[in-house]
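>>> Everything below, folded, please.
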Amino acid sequence: MHSYCLPLILPLFPFFHGFDNSSTLDESLNPHSPYYVHPNENPSIYLVSPLLDPTNYKSWSRSMTNAFNAKNKLEFVDDSLLQPTPNHALHAAWKCSNNMVVLWLIHSVSPSIRESIMRLDKVVDIWKGLKSRYSQRGLLRISKLQQEVISVKYGDVYRISYKIKGDMG
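Alright, predicted model coming up:
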């Protein structure tokens, strides 16, 4: 992990040191900020079980959303926290938090899926890509089954019709 990812420890009682609540607190040091990375966070943990595979996107994404919300990182996933420009004071903190969430995502998908997201750098790109690829699988399966039912239904009608015409002709 890069040195810019290591958060500084806040003084236990900052008001003793002239802290003013109305002043701007460095967001990477504020435990309530999405930019904050707790010193005990581990980038290689599995946030949910089971891992994402081609069949379980809906339950997996719900579990991941809950996990990101609990870790105060949902804003990186839902794209409500914009990436600061490189010269912005929060850019390093954003990059650190984004990288942490990217690693959590990488470790929360099956190995066959992992390879396809390894080259992506932004959480939101990974999340949207997984959603577009796997959220439709259930709908596609339903559509395919409906087509098979229609095919069987009309196939039987066709066979019956052919049989009747054959018997009459």
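>>> ok, now how distant is Leu51 from Ser63?
Using C-beta to C-beta, to the nearest Å, one gets 11 Å for the distance from Leu51 to Ser63. For glycine as for every other residue, the C-beta is placed from the backbone atoms N, C-alpha and C.
>>> I should have written Ile126 there, sorry.
When distances are taken as C-beta to C-beta, Ile126 and Ser63 turn out to be 16 Å apart.
>>> Those two: which has the busier surroundings?
For Ile126 and Ser63, the more surrounded residue by other C-beta atoms under 10 Å is Ile126, and the numbers stand at 21 against 17.
>>> Would you confirm that that one contacts Val102?
Yes. Taking C-beta atoms under 8 Å as the definition, Ile126 is a contact partner of Val102 at 6.5 Å.
>>> how does this structure divide up, domain by domain?
The chain resolves into domains spanning 3-135, 141-169 when parsed by automatic domain parsing.
>>> any idea which of those scores lowest on pLDDT?
With a mean of 58, domain 141-169 has the lowest mean pLDDT of the domains of the chain.
>>> What's the end-to-end length of stretch 113-126?
End-to-end distance of stretch 113-126 (C-alpha to C-alpha, to the nearest Å): 11 Å.
>>> Go ahead and list the helix or strand containing Ser97.
Ser97 belongs to helix 91-106 when elements are defined using DSSP states H and E.
>>> Show me what counts as buried in that helix.
Neighbour counts over helix 91-106 (16 or more other C-beta atoms under 10 Å) mark 92-106 as buried.
>>> sorry, back to before: shared neighbours, Ile126 and Val102?
Shared contacts of Ile126 and Val102, defined by C-beta atoms under 8 Å, 6 or more residues apart in numbering, are found at Leu120.
>>> Which residue ranges of the chain form helices?
Counting by DSSP state H, the chain has these helices, from start to end: 57-70, 74-77, 91-106, 111-117, 123-134, 137-168.
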